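> Sequence first, then the predicted structure:
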Amino acid sequence: MGLNDSYDAVRGQIILLSPLPSLDKTFSLILQEERQRQARNTALPTSELSALLAYQNFSKKKDRSDLVCHHCGKVGHTKEKCYKLVGFPPNFKLTKPRTRNTSAAPYSANHVAAHITASSLKHLLQVPLN
């Protein structure tokens, strides 16, 4: 007993697997092929399919913001995929963290930094104002 000729492609994929898959895995691969054929026969119009794929891609990107690494504390990945644990990819380039560009100085132009001791402060507070 074998597969119909229409299953030549999936048969070839199964034979190429090393070691040969179990009967359950083989059956699963054939069912997957059948489902894909059924999906092609009942495919959505191109515009609806494009909209669906765009939404799915948007949803995937949005979901990453919910991930938090328990190793480094950064958002966007989990501990299992943390580069600090698993290693950086070969072409990875480190970037500096983004900081706000503030052109204004933190102090006014008339501000003078003063270092004052507690006793000097106490003395100044006791001086009467005119």
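Done, it's in.

> Just after the helix or strand of the chain with the lowest mean pLDDT, pick out the following helix or strand.
When each helix and strand of the chain is scored by mean pLDDT, DSSP states H and E, helix 46-64 comes last, with a mean of 65. Counting by DSSP states H and E, the element after helix 46-64 in chain order, helix or strand, is helix 83-86.

> and that following helix, how far from the chain's centre?
With CA atoms, centre = their mean, to the nearest Å as the basis, the distance from the averaged C-alpha position of helix 83-86 to the chain average is 14 Å.

> what residues does that helix touch?
His71, Cys72, Lys79, Glu80, Pro89, Phe92 (CB atoms under 8 Å, 6 or more residues apart in numbering). For every residue, glycine as well, the C-beta is placed using N, CA and C.

> tell me the average confidence for that helix?
Taken as a whole, helix 83-86 has a mean pLDDT of 87.
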